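K.L.:
sequence? don't have it. structure:
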């Protein structure tokens, strides 16, 4: 199935689901009229027609002068939405003024959306707050950007067609949830004598409804697969306050699902019930034309009440009492959580169960079960971190993976050996971070890996769900890059070095652990949002097809070229290019073979307008087969005997002379 036909199929599924849940809109829009099996020209006409229907069913409206502009794009007027929004106009105007754009001074661009829930309290997402604020002991503080503490603000205007602002300082962070809890944070607003808008009331019992709207600040989102559709919906105008109507399709214990149209930047948006005028959710993530997720309004209200009453603070000082706190998702009824060690327990469920055990002689330990595990493509999702002891059973990359007589040793950093990050592994100095089926060696100065090395058994590969990004607790967080340079354009994507699916093999438990381990930020480097080409992504799979058939084993080494002169963007030195080496036993010769590759983003990152240029650099996305000796020379990394078994070795004394740009995978030389 072609990309366009796959997009049409996804679009039609989404439209069908929306029409099936809203009879009034179904009457207003036609059913799909194109079959996927037809020509590309017909499929394109289908995409055009279906996108019009999409914009009718789930439009995005401008907000101007503090009110929702009930003007739709030409040809996609919806009388149903016009009527619903007109009835809610007075209420909406009051809610619109309480919603603003979260900004951090000293931070490039804005971060997300927030809104008033008390006279001087703004709620937003944890992952928005953590861009400029953090937990500090028993309290919270603003981060430092190297020249001093960062400061935050909220701008309640930022409307289309206007340069007017209404900005207020975020005086201090009041609360930022743990990474395993609901994705929310509270800030106090410095009113400076001004009267802010009326806070938005929080619904006590969110329910499924076809009549809600999100209000927030959508940004151009590089994760959207259908760029043209995004442009048509948003009329190429982003970063301004918008209203997007839709429906709440599901209510879970801690979250709601909705299908309003959102993009990156909508994080922290209010989901407003158009009938009751209450917020039913705090939007935190979503997948375009699939589903969006929001923290339930009653969960937000409960956590705010707990903070005001000091109950959250008591959880923060549990280590003084020798107690333990456990949070569990519940299913509509109170549950008592058993805790080992004796003592007295009490449980409160609204809709979390908080169990505090006091008096145990056991060393204090926090154990948190994941809450509202929703599928997410959001780059800022951050998982609850583990502890160093959890990695004691990780053996990492195995040198004899291809056979005892075909040992492929872990590469060694030669030129920059003094820059290899060292850490204490069970009391002993170590330089290798070992995960399930792969290992990483880190650069201390660059806070990213020199390389990632992975064993892949293609015959035992299993698919697993994507999980959130993780810190590695064995090394300091200051030696890892979680957010600075990552996010929506003009920021970068987190580019996996070891692909997410590569270590995901073995039995079900092992494969899942390999997949989850691949989501450590130590395994990432900054890459242009549209960097990975199909050829670069397919190198491992193509090599597996040329490995010994009954083994299907390969060893893959991947890393960035790190040079002292690399450009600094968003406070991080950005690598200009990446290399990959694949070693395996060739299916025809039965001998060890190794091939090297490069992928370049250099010409693009030196162009300060690269994010606005739609990634049109002719060099971007071109993979090149290169001699392993060339990779060794440029990277300063020694790959042992692999250069000797490279099919490009010996044919040309010039390091660059044997390079071959790959337009198809079939061009790769394995012999």
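P.N.:
Yep, that arrived. Everything numeric here is computed off the predicted structure, so don't read it as measured data. Numbers count the residues shown, from 1 in each chain.

K.L.:
Where does the prediction get shaky in the stretch 401-550 of the chain?
P.N.:
Across the stretch 401-550 of the chain, residues meeting the criterion (pLDDT under 70) sit at 529-534.

K.L.:
quick one, strands of it?
P.N.:
With strands called from DSSP state E, counting those that start in this stretch, the stretch 401-550 of the chain shows them at 412-413, 423-425, 428-430, 433-434, 438-442, 449-457, 493-496, 524-527.

K.L.:
What strands line up against the second one, and which way round?
P.N.:
Counting by DSSP bridges, the strands paired with strand 423-425 are strand 428-430 (antiparallel).

K.L.:
And for the fifth one?
P.N.:
As defined by DSSP bridges, the strand partners of strand 438-442 come to strand 433-434 (antiparallel), strand 449-457 (antiparallel).

K.L.:
which one of the ones you listed lies closest to residue 197?
P.N.:
strand 449-457 (46.7 Å; C-beta to C-beta). All C-beta atoms are positioned from the backbone trio N, CA, C, and that covers glycine.

K.L.:
Looking at the strands paired with strand 438-442, which is nearest to residue 622?
P.N.:
Of all the strands paired with strand 438-442, strand 449-457 comes closest under C-beta to C-beta, at 21.6 Å.

K.L.:
check contacts around the nearest residue to residue 568 once chain neighbours are set aside.
P.N.:
Computed as C-beta to C-beta, 6 or more residues apart in numbering, the closest residue to residue 568 that is not its neighbour in sequence is residue 574, at 7.4 Å. By C-beta atoms under 8 Å, 6 or more residues apart in numbering, residue 574 lies in contact with 485, 492, 526, 566, 567, 568, 605.

K.L.:
where does the second one sit relative to residue 573, distance-wise?
P.N.:
Spatial separation of residue 492 from residue 573 under the definition C-beta to C-beta, to the nearest Å is 12 Å.

K.L.:
which of the two has more neighbours?
P.N.:
Neighbours were counted for residue 492 and for residue 573 using other C-beta atoms under 10 Å; residue 492 has more, 27 against 21.

K.L.:
So what sits opposite the closest residue to that one other than its chain neighbours in the bridge?
P.N.:
Closest residue to residue 492 apart from its sequence neighbours, by C-beta to C-beta, 6+ apart: residue 526 at 3.8 Å. Counting by DSSP bridges, residue 526 forms beta bridges with residue 494.

K.L.:
And residue 526, how far from residue 538?
P.N.:
22 Å.

K.L.:
More neighbours: which of these two?
P.N.:
residue 526 (24 against 13).

K.L.:
wait, that one sits on residue 485?
P.N.:
Yes. Using C-beta atoms under 8 Å, residue 526 is in contact with residue 485, at 5.0 Å.

K.L.:
which residues do the two both contact?
P.N.:
With C-beta under 8 Å, 6+ apart, residue 526 and residue 485 have common neighbours 492, 569, 572, 574.

K.L.:
Distance to residue 453 and secondary structure added to those residues, as a markdown table?
P.N.:
As requested, the shared contacts of residue 526 and residue 485 are arranged in a markdown table below (distance: C-beta to C-beta, whole Å; DSSP: H, G, I helix; E, B strand; the rest coil):
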| residue | distance to residue 453 | secondary structure |
| --- | --- | --- |
| 492 | 23 | strand |
| 569 | 27 | strand |
| 572 | 23 | strand |
| 574 | 23 | coil |
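
K.L.:
Quick check: of the residues you listed, which lies closest to residue 457?
P.N.:
If you rank the shared contacts of residue 526 and residue 485 by distance to residue 457 using C-beta to C-beta, residue 492 comes first, at 31.2 Å.

K.L.:
My guess is that closest one contacts residue 485. True?
P.N.:
Yes. The pair residue 492 / residue 485 is scored as a contact, 5.3 Å apart, by C-beta under 8 Å.

K.L.:
between those two, what contacts are shared?
P.N.:
The contact lists of residue 492 and residue 485 share 526, 569, 570, 574, where a contact means C-beta under 8 Å, 6+ apart.

K.L.:
Quick check, the second one in contact with residue 485.
P.N.:
Yes. Using C-beta under 8 Å, residue 569 is in contact with residue 485, at 6.3 Å.

K.L.:
For those two, list the residues in contact with both.
P.N.:
492, 526.

K.L.:
in the chain, what secondary structure element scores lowest on mean pLDDT?
P.N.:
Scoring the helices and strands of the chain by mean pLDDT, DSSP states H and E places helix 318-321 at the bottom, with a mean of 27.

K.L.:
where along this structure do the helices fall?
P.N.:
With helices called from DSSP state H, the chain shows them at 3-21, 23-28, 40-57, 79-87, 89-96, 126-129, 227-234, 297-308, 311-316, 318-321, 508-517, 534-544, 602-605, 628-635.

K.L.:
hey, least reliable of those helices by pLDDT?
P.N.:
Confidence, taken as mean pLDDT, is least for helix 318-321 of the helices of the chain (a mean of 27).

K.L.:
so what's the nearest residue to residue 291 once chain neighbours are set aside up against?
P.N.:
With C-beta to C-beta, 6+ apart as the criterion, residue 291 has its nearest non-adjacent residue at 5.1 Å, and that residue is residue 257. By C-beta under 8 Å, 6+ apart, the contact list for residue 257 reads 248, 249, 250, 251, 291, 292, 293, 294, 374.

K.L.:
Out of the residues you listed, who's the most crowded?
P.N.:
residue 294 (33 neighbours).

K.L.:
correct me, but it touches residue 262?
P.N.:
No. Here residue 294 lies out of contact with residue 262, judged by C-beta under 8 Å, at a distance of 9.8 Å.

K.L.:
so what sits against both of the two?
P.N.:
With C-beta under 8 Å, 6+ apart as the test, residue 294 and residue 262 both reach residue 283.

K.L.:
quick one on the thing from earlier: tell me the most buried of the strands paired with strand 438-442?
P.N.:
strand 449-457 (a mean of 26; mean count of other C-beta atoms under 10 Å).
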